[in-house]
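>>> Predicted model and sequence below, questions to follow.
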Amino acid sequence: MKKSGARIQSPGASIYAILIYGFLHIPLLILAIFSFNSSKFTVWEGFSLRWYRFDPELIEAAGNSLIIAIFATALATIIGTLAAYGLWKRSSGWIAGSMYLSLVTPEIVTGVSLLAFFQWTFRFLHLQLGMHTVILAHVAFSVAYVAVVVMARLRSFDPALEEAAMDLGANEFGAFRRVTLPFLAPAIAAAAMLAFTVSIDDYVITSLVAGVDSETLPMVIYAMARRGVNPMLNAVSTVIVAGLGTMVLLSERLRKA
């Protein structure tokens, strides 16, 4: 056992970490490798990009997912940032704590409750389920992620900086825009990336509130997987893992900035 500074480096802990990471990521690596396999089966026959020629159904679903994720992320980021700032200013512990409720509530419960709410509301508005309901549902569960990330950043912010700005002639909005917002920018960007990742990946809630013309990529992938093994799913999954993994890494880097 080797002691370095305040940390103790143990070979056993390193091996344990490697095994855990291997257990989590080796299946993803195998999936990515076989996405370039020319065979339909798990027997390597040669390198090929044939499975990356996606069906029009997949392309349309991917477009729906991107539209939903972009709009939901924009709305959730604005609402979540303002909610976090308001909770920080008011110091309401029980309201801030309730923000975590949506993070621990099972998705099936959230989806059913949103479906019931939309059906009850649309009975008076004469509307139907569609892209708009999916966006609203994604905003509903993404706001908490944004608020939690932004509130974590606000805990290290000195309120005296805003007070100094107002002493120098700025109003409350000016102090927020010129002092607080630049300080929160890395956390807001990280929260937006996290909200985008959660939105584009959601299946359970989306499947409950989507209309017939608003199928997303996870819904189409699940339908294809139920019909049997399709190597095109390996290619789609590889693209999703690579894209979302990059966003998660960027989000974590921005959060620590």
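Nice, thanks for sending it over. Numbering: from 1, shown residues only.

>>> lowest confidence element among the helices and strands of the protein?
Lowest on mean pLDDT, DSSP states H and E among the helices and strands of the chain sits strand 2-4, with a mean of 48.

>>> got the contact list for the helix or strand residue 111 falls within?
Assignment of secondary structure by DSSP states H and E places residue 111 within helix 107-125. Outside of helix 107-125, the residues that reach it under the criterion Cβ atoms under 8 Å, 6 or more residues apart in numbering are 102, 128-129, 133, 136-137, 140-141, 202, 204-205, 207-209. All C-beta atoms are positioned from the backbone trio N, CA, C, and that covers glycine.

>>> so which two of those are the farthest from each other?
Checking the contacts of helix 107-125 against each other with Cβ to Cβ, the farthest-apart pair comes out as 102 and 128, at 25.2 Å.

>>> before we move on, back to that, now restrict the contacts of helix 107-125 to buried residues only.
Buried subset of these (neighbour count, 16 or more other Cβ atoms under 10 Å): 102, 129, 133, 136-137, 140-141, 202, 205, 207-209.

>>> Nearest to residue 60 among those residues?
Closest approach between these and residue 60, by Cβ to Cβ: residue 207, at 16.6 Å.

>>> which residues touch the closest one?
Neighbouring residues of residue 207 by Cβ under 8 Å, 6+ apart: 111, 219, 222.

>>> out of these, which are buried?
Those of the contacts of residue 207 that meet the buried threshold are 111, 219, by 16+ other Cβ under 10 Å.

>>> which one in the contacts of residue 207 is the model shakiest on?
Within the contacts of residue 207, the minimum per-residue pLDDT falls on residue 222 (86).

>>> Residue ranges in the chain under the pLDDT threshold?
Within the chain, the ranges that satisfy pLDDT under 70 run 1-9, 92-93, 254-257.

>>> swap the cut-off to 80 and go again
Applying pLDDT under 80 to the chain flags the ranges 1-12, 40-43, 90-100, 102, 126, 212-213, 227-230, 244, 247-248, 250-257.

>>> check contacts around the most centrally placed residue in the chain.
Closest to where the C-alpha atoms of the chain average out (Cα atoms, centre = their mean) is residue 198, at 2.3 Å. For residue 198, the set of contacting residues under the criterion of Cβ under 8 Å, 6+ apart consists of 138, 141-142, 145.
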